[in-house]
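# Quick one, fold the following:
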Amino acid sequence: MNPTRRTALLSPALALVLTAILSGCAGGTTTADPAANSSAAAPSASAAIVETPAPADPSAPAENCIPSDVTAAGIPLVDGTVVCDLVRGELNDGTLSIVIQVGSVDEGFSQATSALTAAGYSAGVTSPEASNFTNGTYTVLVSVTEQDPYGAVVTYALSPA
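Residues are numbered from 1 along each chain as shown. Here you go, the predicted model:
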């Protein structure tokens, strides 16, 4: 087959695929709210919308996204940039997750565990990258990881004891 004929066959097929993609016909809806698209089928359990959160805004005040019950309870958090897009839950309702960007995994873990110990929390199960603390009122699981696109982060999972 000569190159001209191959290009001639490929061009209409490529145009058809691009048209389907750009018109939204290939792969279904990307709308998170099924009610927003009247022709949307019921979401299946295996279908999930994947959202990549934007990097945290260093100028955003941390107290705007940390629930007030955490501050009122006096639970110490490491210094760093709170990733507001990843704060989930309410402490008084069950489990709360807070993610904070730090300079390094080692530094973040050391600061987090030292602050909790200084605040009267006792350590339970401890590993090099995670530790469980309680003060009788609250349970705090602290873990550290490298998480794209944020770099080194300390994740707190807080719950009533």
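# Could you give the bridge partners of residue 127?
Beta bridges link residue 127 to residue 130, judged by DSSP bridges.
# can you count the residues close to it?
Neighbour count for residue 127, taken as other Cβ atoms under 10 Å: 8. Placement of C-beta: from N, CA and C, glycine included.
# I'd like the numbering to begin with 57 instead of 1 from here.
Done: numbering now begins at 57, and the last item shifts to residue 183.
# can you give me the helices in the chain?
59-79, 124-129, 161-174 (DSSP state H).
# weakest of the ones you listed in terms of mean pLDDT?
Least confident of these, judged by mean pLDDT, is helix 59-79 with a mean of 38.
# Now do the same for residue 94: its pLDDT.
For residue 94, pLDDT reads 41.
# wouldn't residue 144 be in contact with residue 123 here?
No - the pair residue 144 / residue 123 is not scored as a contact, 10.2 Å apart, by Cβ atoms under 8 Å.
# Compare the two (neighbour count), which wins?
Counting neighbours by other Cβ under 10 Å for residue 144 and for residue 123 shows that residue 123 has the greater number, 18 against 11.
# Since that was my last question, I'll sign off now.
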